[in-house]
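>>> Sequence first, predicted model second:
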There are 2 protein chains.
Amino acid sequence: MLRYAILELLHHKPLSGYDLRRRFGGSIVFFWKANHSQIYPELKRMENEGLLSAKRVPHEWRPTKKVYAITPKGQRDLEAWLRRRPKLQSVKDEMMLRCFAFHLVPADEADAQIRHHRDLHEERLRHYIAIRKDLERKHGRLLETADPILFWNVLTLRQAIAHERTYIAWCRWALRRHQAFRDRMERGHAHLAG
Amino acid sequence: MLRYAILELLHHKPLSGYDLRRRFGGSIVFFWKANHSQIYPELKRMENEGLLSAKRVPHEWRPTKKVYAITPKGQRDLEAWLRRRPKLQSVKDEMMLRCFAFHLVPADEADAQIRHHRDLHEERLRHYIAIRKDLERKHGRLLETADPILFWNVLTLRQAIAHERTYIAWCRWALRRHQAFRDRMERGHAHLAG
DNA sequence: GGTGCATATATCAGCAGTGACATATCTCGG
DNA sequence: CCGAGATATGTCACTGCTGATATATGCACC
C-alpha cells in the first residue's frame, strides 16, 4: 500500500525520503501515515524493483539528500493499481473494541473514555478544517473549476471531515444515551428500594 | 490488540480457537476481524503468559476441542487495558488513497471505482441492519432496559451503521460532484471551441 | 564550548496480519 | 467407496508497521 502512496507523491515531483515523510502525516495525505523507518527501506526496495530512480543531491548547509523520481515502470504500476477493484477493508477500531467491553469498567470511567475520544476527534476535525480554509485561501474560485488534482484532493478532504463529524456526533449521542441508561438504573434501584 | 478482543470474548464464556474465529467476523464483533492463523498462535502465547488456561475437551462425533478460559491475570490485564487512554489511530483508507490519485485514470474509470465501493458499503450496511433487527427480535424491550452488555453492544452497532451511512452518502455526493465537474470541463471545451 | 533543534539517512527487534499449505475426524449423499 | 463439507488445529513465508537506537551536518542561542 505504502508504495502506491509514495508513487502518487513522486508522480507530482521528485522527493527525498525526508520530504516524503513530511508529506505523510502533513497536510496532503489524510488517509495514510508512515514513519521514516518504514519509508527508507521501502524506497530502497522500490529502487531495486526499478519503480524509482535515485540521485544524490549535495547541499551547502545541509546533509546530502537522496532524491527519488518515479520511472516509467513505476508509472505503469501506479496506474495498474488504480484500476484494480479491491475488496472492502475490514474495520479495525480500537475505541469501538473498548466500547464493547465497557460493561467491565465503572460508568464514570466509560464516560471519561468517550469524552477523551470525542476531544481527540474534535482536534483532528479542526485540523482538517484548517487545511480546507488554506486550500480555499490559496485557490479561491479555482476550487470550483477545472483542476483534476485539486478536485480529487477536495473530495478526499470532504470525506475526512464527514468521517470526523460522524464520530463526534456518535460520541455525543453515546454520552446522552449512557446518561439515560444510568438514570434508568437509578430509578430501577429506587423502585426496588421503595 | 487482538488479545484484548479475545479476553473480552472469553470473559463471557470459555471458547476454543475455532469458536473464537467464528465470533470474529461474525455478528458479535463489528470492529475486529482475525484469521485462525493469527488466533491459534496468539492463544498459545497468551496461555504461556498466564492470561488463559486451556483444557482439551473430547467429543464423540467431532475432533477434540482445546477450550480456553480467562484467568484472574487475564481479567486484570483486560481491565487495565480498558483504563488506558490510547491516542487516536491513524486513518488508513485504501479507497481514499486511490481517490487522491484518480486524476491519473479516465473519468469513467473513477466513477466505476466509486460506484463499486458504494455497493460494497451498502452491502455491509444491510448486514449491520440485519444484525440490529436480530437483536431487536431477540431482546425486544430489553434493548431499552438495564443490561450493560447489551447496552454497549447496541452502541457500537450504532456507530458501525453511522459509519457506513456516512461512507455511502459520500460516494453519492462524490459521483454528483464528479458529474458536475465533467460538465464544466465539457462547457469549457465548448467555450474554447466556439 | 555546550545544548538544542531542524535536516537527513539508516537499521533492528518485535508485534500484527495475510494467504497458502497441511492434517485429521466425522457425516451425508451419490 | 469416494468426495464434499463442516469441524478442528496448526505452521510458514511474507509483508506491514512501530518504537527505539544510531549517526552526522550545520545553525542559533546562551
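Great, that's in hand.
>>> C-alpha from now on. contacts and neighbour counts both.
Noted.
>>> For chain A, list the residues in contact with DNA strand D, please.
Within reach of DNA strand D by Cα under 7 Å from any atom of the strand, chain A has these residues: A:1-2, A:33-35, A:37-38, A:60-63.
>>> For ChimeraX, write the select line for the buried members of these.
This is the ChimeraX syntax for the buried subset of the residues of chain A next to DNA strand D, where burial follows 16 or more other Cα atoms under 10 Å in any protein chain shown:
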select /A:33,34
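>>> Could I get the residues of chain A next to DNA strand D in a markdown table, plus columns for pLDDT and distance to chain B?
Shown next, in a markdown table, are the residues of chain A next to DNA strand D (pLDDT from 0 to 100; distance: Cα to the nearest Cα, whole Å):
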| residue | pLDDT | distance to chain B |
| --- | --- | --- |
| A:Met1 | 89 | 8 |
| A:Leu2 | 93 | 10 |
| A:Lys33 | 87 | 7 |
| A:Ala34 | 90 | 9 |
| A:Asn35 | 90 | 12 |
| A:Ser37 | 93 | 16 |
| A:Gln38 | 94 | 15 |
| A:Glu60 | 72 | 35 |
| A:Trp61 | 75 | 34 |
| A:Arg62 | 76 | 31 |
| A:Pro63 | 78 | 30 |
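>>> how does chain A divide up, domain by domain?
Domain assignment for chain A by automatic domain parsing gives A:2-83, A:94-193.
>>> Columns distance to B:Pro148 on top of these, output as TSV?
Putting the domains of chain A into TSV (distance: least, Cα to Cα, whole Å) gives the following:
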stretch	distance to B:Pro148
domain A:2-83	34
domain A:94-193	5
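>>> residue nearest the centroid of chain A?
When Cα atoms, centre = their mean is applied to chain A, the residue found nearest the centroid is A:Phe31 (3.3 Å).
>>> In three-state terms, label that one for me.
coil (DSSP: H, G, I helix; E, B strand; the rest coil).
>>> A:Leu52 versus that one, what's the distance?
23 Å (Cα to Cα, to the nearest Å).
>>> A:Phe151 too?
The value you get for A:Phe151 to A:Leu52, if Cα to Cα is used, is 27 Å.
>>> likewise A:Leu97?
Separation of A:Leu97 from A:Leu52 (Cα to Cα): 40 Å.
>>> neighbour count winner among the two?
Neighbour count, other Cα atoms under 10 Å in any protein chain shown: between A:Leu97 and A:Leu52, A:Leu52 has more, with 24 against 21.
>>> Next, count neighbours for the nearest residue in space to that one that is not next to it in sequence.
Take A:Leu52 and drop its neighbours on the chain: the residue closest to it by Cα to Cα, 6 or more residues apart in numbering or on different chains is A:Ile70, 4.6 Å away. Summarising burial for A:Ile70: neighbours were counted as other Cα under 10 Å, giving 25.
>>> Same question for A:Phe102.
By other Cα under 10 Å, 24 other residues sit near A:Phe102.
>>> Show the model's pLDDT score for it.
The model reports A:Phe102 with a pLDDT of 95.
>>> Could you confirm A:Glu60 falls within a strand?
No. Assessed with three-state DSSP, A:Glu60 is coil; it does not lie in a strand.
>>> near DNA strand C, which residues of chain A?
Going by Cα under 7 Å from any atom of the strand, the residues of chain A near DNA strand C are A:16-19, A:36-38, A:40-41, A:62-67, A:90, A:92.
>>> State the phi and psi torsions of A:Arg62.
Main-chain dihedrals, A:Arg62, degrees, to the nearest 10: phi -110, psi 160.
>>> between the longest helix seen in chain A and helix B:148-193, how many degrees?
Assignment by DSSP state H gives helix A:148-193 as the longest helix of chain A. Calculated by axes from the mean of the first three to the mean of the last three Cα atoms, to 10 degrees, helix A:148-193 forms an angle of 160 degrees with helix B:148-193.
>>> Quick one: mean pLDDT for helix A:148-193?
Helix A:148-193 carries an average pLDDT of 90.
>>> How about stretch A:10-19 and chain B, touching?
No. Judged by Cα under 8 Å from any Cα of the partner chain, stretch A:10-19 stays clear of chain B, getting no closer than 9.6 Å.
>>> Quick one: distance of that stretch to the chain centre.
19 Å (Cα atoms, centre = their mean, to the nearest Å).
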